[in-house]
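[1] below are the sequence and a predicted model; questions follow.
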Amino acid sequence: DNISVRREQKNLSGSYSIYVERVGDNCSTGAICTCVTPDCHMLYCNYMRAERSPLICGRCGKDIPLYRLPYPPGQDDHCLLCEWHQSYYQVDKLYMECLADRFSLRQMTDPDSELFLSGMEIRSGLEKVTGKPVYYFFYRYKSRLGNCPLCGGKWQPSPYPAMADYICKNCRLATDAMCP
């Protein structure tokens, strides 16, 4: 659902009767969150999740459809989130195909990279509109757990094991125990 679709539906609704019917599940999407009120969310993407939601429920670890979320302030759709999702997917795909290794790995692992910074900005906006903590999944390539790359504090065991192994509550970062 976006601005163009809504505009066209409105234009056509005077001449045609429009209705939406669910005919089945989309086999390229993952399991959908059915939690009534998720405790938190996680912004997450990788090269295998191109067709899936970039937002995961902290309670069950399943995808949260974007239509369930309010739009960010001043926006009429989730285009910025979808664009970030596509950018992350493309960068991770480049990395997995061994193309532009240094560039793509830096984009995913460096807190000063453009991809990381835009993801954190989107994360912050989502947290404002949902009223729930939103974590950004931080990809650590072959590195020990160490400390949070933003505040230097120790990673804490995640109270949301379906989402991630460790979190930094201050910085709203999440990561797994073993990153390849």
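    That came in fine, so what should we check first? Numbers count the residues shown, from 1 in each chain.

[2] drop to CA atoms for contacts and neighbour counts, all remaining ones
    OK.

[3] in this structure residue 94 contacts residue 102, no?
    No - when contacts are counted by C-alpha atoms under 8 Å, residue 94 is not listed as touching residue 102 (10.3 Å).

[4] more neighbours: which of these two?
    When neighbours are counted by other C-alpha atoms under 10 Å, residue 94 comes out ahead of the other of residue 94 and residue 102, with 17 against 10.

[5] and the more buried one, helix, strand or coil?
    Secondary structure, DSSP: H, G, I helix; E, B strand; the rest coil: residue 94 is helix.

[6] pLDDT wise, what is it at?
    Model confidence at residue 94, given as pLDDT, is 90.

[7] quickly note the distance from it to residue 54.
    Counting by C-alpha to C-alpha, to the nearest Å, the gap from residue 94 to residue 54 is 18 Å.

[8] in the chain, which spans are helices?
    3-13, 79-96, 101-109, 114-130 (DSSP state H).

[9] what's the last one in contact with?
    Helix 114-130 has contacts (C-alpha atoms under 8 Å, 6 or more residues apart in numbering) with 43, 69-73, 80-81, 84, 87-88, 107-111, 133-136.

[10] got the contact list for residue 31?
    62, 63.

[11] lowest average pLDDT across the helices of the chain?
    Ranked by mean pLDDT, the helices of the chain end with helix 3-13 at the bottom, a mean of 76.

[12] okay, that helix in CSV with CA atoms only?
    These are the backbone C-alpha positions of helix 3-13, laid out as CSV (Å, rounded to 0.1, in the frame of the first residue of the first chain):
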residue,chain,number,x,y,z
ILE,A,3,0.4,6.8,-2.2
SER,A,4,0.1,5.9,-5.8
VAL,A,5,-2.0,2.8,-5.2
ARG,A,6,-4.3,4.7,-2.9
ARG,A,7,-4.7,7.5,-5.4
GLU,A,8,-5.5,5.1,-8.2
GLN,A,9,-8.0,3.2,-6.0
LYS,A,10,-9.7,6.5,-5.3
ASN,A,11,-9.8,7.4,-9.0
LEU,A,12,-11.3,4.1,-9.9
SER,A,13,-13.7,3.7,-7.0
